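> Show me the folded form of this:
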Amino acid sequence: QFDTTASSFRQAGNACSLDGGRTWHNNPVLDPGVFRTDPVLVARRDGVFFLNTLFVQGSTYRCDISTSTDGGQTWSAPVFAFGGDKAWMAIDNTAGPGDGFLHQAWNTAGNNYAPNQYNRSTNAALSWSDPSLLSGSAVFGSVAVGLTGDVYVVGQRSGQVRFTRALDASDPNASPVSFEPFAVVPTIGPPRGTGAAPNPAGLLSQIWVDLDRSGGPNHGRIYVLAVANPDGDDPADLNISWSDDQGVTWSAPVRVNDDPPGPNNWQWFAALSVAPDGRVDATWYSTHESGNPVLSRLYYSSSSDGGATWAPALPVSPEFNSTLGWPSQNKLGDYTHQVSDLTGVSLAWAATFTGGQDVYFARIGPWDCNANGVPDQTDIALGTAQDCNNDGIPDSCQIASGYLPDRNNNQIPDPCENPCPPDLTHTAQPGRPGYGVPDAILDNNDFFYYLNEFAAGNLAVADLTTTAVAGAPGYGVPNGVLNND
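Numbers count the residues shown, from 1 in each chain. I've put the predicted structure just below:
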């Protein structure tokens, strides 16, 4: 978060959404007054978030981790994690021996622990292992965790896309984790780095790695997506390759974008993710419509056959000028980040629609907050999900996120339940079970009603003892005495 474009000083801005990304709440910066950049966000299976940010002061480069247990509404103080420039982080959600382990890899430059580039945390980011070597010394890449807790790291070095793996990354006793010799992932031309027209002082794109966890025909397939410079006058295309043997051998590269080659057709800021059913999703910025290296639109495509063929590219955004609002560093940033689900993809990205740099959220495809593979609107229309406040979001999701309260845990949001007045209308006979209970039925809901009535100063709730006179203070209270009971 930049306070002024006259400086490259920035802080850790953050926002959260409790309704699936439809609306956002801007929070105070983390660690106010401290330079932080290069954010990476991951979520554990139980919903705990871990945020990795880069701290830079003079020649000091380090990564710190903040944790949120309430959906990003509040964050812990940063915890030292070693690291360095252009770090990426992944979490093990395999439910195996390394479940919950955090893994990070970072650059060779901006690195106070060089030549080491990797470390991990086995205790939810409370502490981190000493940095260790990463085969291939690749940079500008990403990290993924395999089916059984293996760790995959990709990046670029010497005009190559390089992949390395650690098969012992889920072993809590591995010290250090050992990475095998790197493999070269084929691309159509060398990978693009920095210094390109759309984003001169930043990356043109990160190298991405993800895998198929679907249990389907391509289960376990590892995908690597890169932006490369093909032969001819076209400056940059998206390439994808895959491996079915955990990264030992790789397929021939496939071009993802379908625009015709051209001298100003830049494809940049690519991102990759794989849906739970095996669909492969890619997003990127493209200048091919404008023919101007600084005028881009966001595009999306997907593959349902393991990366072999791709759907026609779909424009997602209006055109924007990537040079507006540059700080003294002439760049829009270095990457975007996305997560796929059964009905679409959710993307965090940057654009300049307001005349300066802003962070945006894009939902590509219908929302599916309960992850059942059915769009929310279809669930609601069929009656398989309730939407008592008619906002288009299933109640169960809003209760789970804390957006709507449900104090009696009956899966009906409290604002949608009719308030129950005290039962002084003789729906049950005095002295009989249920007399004085809001609906004349004794159940767990009554406790929450009594609690609210007591807090509001109302006296009559339930008199099963007749120790107080009707209408007198204490009437309806079990022992006729108004107290904390």
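> give me the number of residues near residue 87?
27 (other Cβ atoms under 10 Å). Heads up, the C-betas are built off the backbone N, CA and C, glycines and all.
> Apart from its chain neighbours, what residue comes closest to it?
Nearest-residue entry for residue 87: residue 106, 3.8 Å, with adjacent residues in sequence omitted and distances by Cβ to Cβ, 6 or more residues apart in numbering.
> Which pLDDT value goes with that neighbour?
Here, the pLDDT recorded for residue 106 equals 98.
> Quick check: buried residues in stretch 163-183?
163-171, 174, 176-177, 179, 182-183 (16 or more other Cβ atoms under 10 Å).
> And for stretch 63-70?
For stretch 63-70, a neighbour-count test (16+ other Cβ under 10 Å) marks 63-68 as buried.
> do the same with stretch 250-263
Buried, per 16+ other Cβ under 10 Å, within stretch 250-263: 250-251, 253-257, 259.
> do the same with stretch 230-240
Of the residues in stretch 230-240, those buried (16+ other Cβ under 10 Å) are 230, 234-240.
> can I see the domain layout of the protein?
Per automatic domain parsing, the domain ranges recorded for the chain read 12-364, 376-416, 418-485.
> what's the most buried one of these?
Among the domains of the chain, domain 12-364 has the highest mean neighbour count (mean count of other Cβ atoms under 10 Å), at a mean of 19.
> sorry, back to before: take the domains of the chain and lay them out in TSV including distance to residue 4.
Listed next are the domains of the chain as TSV, based on distance: least, Cβ to Cβ, whole Å:
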stretch	distance to residue 4
domain 12-364	8
domain 376-416	34
domain 418-485	48
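> Now do residue 81 against residue 57, distance only.
Using Cβ to Cβ, to the nearest Å, residue 81 is found at 16 Å from residue 57.
> repeat for residue 396
From residue 396 to residue 57 the distance is 46 Å (Cβ to Cβ).
> what's near enough to touch residue 361?
17, 21, 24, 346-349 (Cβ atoms under 8 Å, 6 or more residues apart in numbering).
> I'd assumed it was in a strand, is it?
Yes. Residue 361: assigned to a strand according to DSSP: H, G, I helix; E, B strand; the rest coil.
> Residue 398 versus that one, what's the distance?
Residue 361 is 18 Å from residue 398, by Cβ to Cβ.
> try residue 108
46 Å.
> now residue 155
Applying Cβ to Cβ to residue 155 and residue 398 gives a distance of 40 Å.
> repeat for residue 278
For residue 278 relative to residue 398 (Cβ to Cβ), the value is 29 Å.
> again, but for residue 189
48 Å.
> And the strands in the stretch 201-350 of the chain?
According to DSSP state E, counting those that start in this stretch, the stretch 201-350 of the chain carries its strands in the segments 208-211, 222-228, 237-243, 254-255, 267-274, 280-286, 295-303, 314-315, 320-321, 337-340, 345-351.
> can you redo these as a markdown table with distance to residue 102?
Shown next, in a markdown table, are the strands of the stretch 201-350 of the chain (distance: least, Cβ to Cβ, whole Å):
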| stretch | distance to residue 102 |
| --- | --- |
| strand 208-211 | 16 |
| strand 222-228 | 20 |
| strand 237-243 | 24 |
| strand 254-255 | 32 |
| strand 267-274 | 19 |
| strand 280-286 | 24 |
| strand 295-303 | 29 |
| strand 314-315 | 34 |
| strand 320-321 | 34 |
| strand 337-340 | 16 |
| strand 345-351 | 19 |
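> Select, out of these, the one closest to residue 44.
In terms of Cβ to Cβ, the element of the strands of the stretch 201-350 of the chain nearest to residue 44 is strand 337-340, at 13.7 Å.
> And the contacts of that closest one?
40-41, 271-276, 279, 281, 283, 345-348.
> 6 Å instead, please
271, 273, 275, 281, 283, 345-348 (Cβ atoms under 6 Å, 6 or more residues apart in numbering).
> likewise stretch 253-270?
186-188, 198, 204-205, 225, 227, 232-241, 282, 284-288, 291, 293, 307, 310, 313, 336.
> quick one, what contacts residue 329?
8, 201.
> now stretch 212-229: mean pLDDT?
98.
> then it to CSV, C-alphas only?
The C-alpha trace of stretch 212-229 is given here as CSV (Å, rounded to 0.1, in the frame of the first residue of the first chain):
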residue,chain,number,x,y,z
ASP,A,212,-4.3,-32.2,-10.1
ARG,A,213,-5.8,-33.5,-6.9
SER,A,214,-9.1,-34.6,-8.4
GLY,A,215,-8.8,-38.4,-8.2
GLY,A,216,-9.6,-38.3,-12.0
PRO,A,217,-7.7,-39.4,-15.1
ASN,A,218,-4.9,-36.8,-14.5
HIS,A,219,-4.7,-37.2,-10.8
GLY,A,220,-1.2,-36.2,-9.6
ARG,A,221,-0.3,-34.4,-12.9
ILE,A,222,2.0,-31.4,-12.2
TYR,A,223,1.5,-28.3,-14.3
VAL,A,224,4.0,-25.5,-14.9
LEU,A,225,2.9,-22.2,-16.5
ALA,A,226,5.4,-19.7,-17.8
VAL,A,227,5.5,-16.6,-20.0
ALA,A,228,8.1,-17.1,-22.7
ASN,A,229,9.5,-15.2,-25.7
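> show me where pLDDT drops low in the stretch 351-485 of the chain?
For the stretch 351-485 of the chain, residues meeting the criterion pLDDT under 70 lie at 418-485.
> Please read the previous query as pertaining to the stretch 201-350 of the chain.
In the stretch 201-350 of the chain, no residues with pLDDT under 70.
> can we see that at 90?
326-329 (pLDDT under 90).
> Of all the domains of the chain, which one is nearest residue 370?
domain 376-416 (5.8 Å).
> So what's the gap between that closest one and the chain middle?
Relative to its chain's centre, domain 376-416 lies at 22 Å (Cα atoms, centre = their mean, to the nearest Å).
> ok, now which ones touch the nearest residue to residue 72 once chain neighbours are set aside?
Take residue 72 and drop its neighbours on the chain: the residue closest to it by Cβ to Cβ, 6+ apart is residue 16, 3.3 Å away. Residue 16 is in contact with 25, 71-73, counting by Cβ under 6 Å, 6+ apart.
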